[in-house]
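Undergrad: Build me a model from this:
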Amino acid sequence: MNGIIAFLQAHPTSSTLVAYYIASAFIGALPAPQANSGMPYQFMYKFFNTLGGNLTRAFASKVESSPNFTPQMQQAKDATPVPAVTPPKS
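TA: Sure thing, here's the model as predicted:
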């Protein structure tokens, strides 16, 4: 254990970059909040993305956040397909 601490103290810049990379990967892996996500998760998502510097992800208003997203997707999934019209051969 002392060897790890000594290595981290000897290489502070590298250690900081590795820690930032791990934190950034963790924040980037968070799935975007959906319409049915709770307020604590939405807060956590925005807070972590703001801390990580991902301001576009933190303040993006996505279609998935709309309350109409799930019903519209279900309606589109249940819709009957319209047959394609092919032009007559001449």
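Undergrad: residues near Met1, how many?
TA: Met1: 5 surrounding residues under other Cβ atoms under 10 Å. Quick note: C-beta positions are derived from backbone N, CA and C, even for glycine.
Undergrad: how near is it to Ser14?
TA: 19 Å (Cβ to Cβ, to the nearest Å).
Undergrad: Which other helices and strands does the strand or helix carrying Pro40 contact?
TA: Element membership for Pro40 (DSSP states H and E) is helix 39-51. For helix 39-51, the packing partners by 3 or more Cβ pairs under 8 Å, 6 or more residues apart in numbering; DSSP states H and E come out as helix 12-28, helix 55-58.
Undergrad: Let me know which of those is the nearest to Gln34.
TA: With Cβ to Cβ as the criterion, Gln34 lies closest to helix 55-58 of those, at 14.6 Å.
Undergrad: residue contacts, Phe26?
TA: Phe26 is in contact with Phe48, counting by Cβ atoms under 8 Å, 6 or more residues apart in numbering.
Undergrad: same thing but 10 Å
TA: Phe48, Gly52 (Cβ atoms under 10 Å, 6 or more residues apart in numbering).
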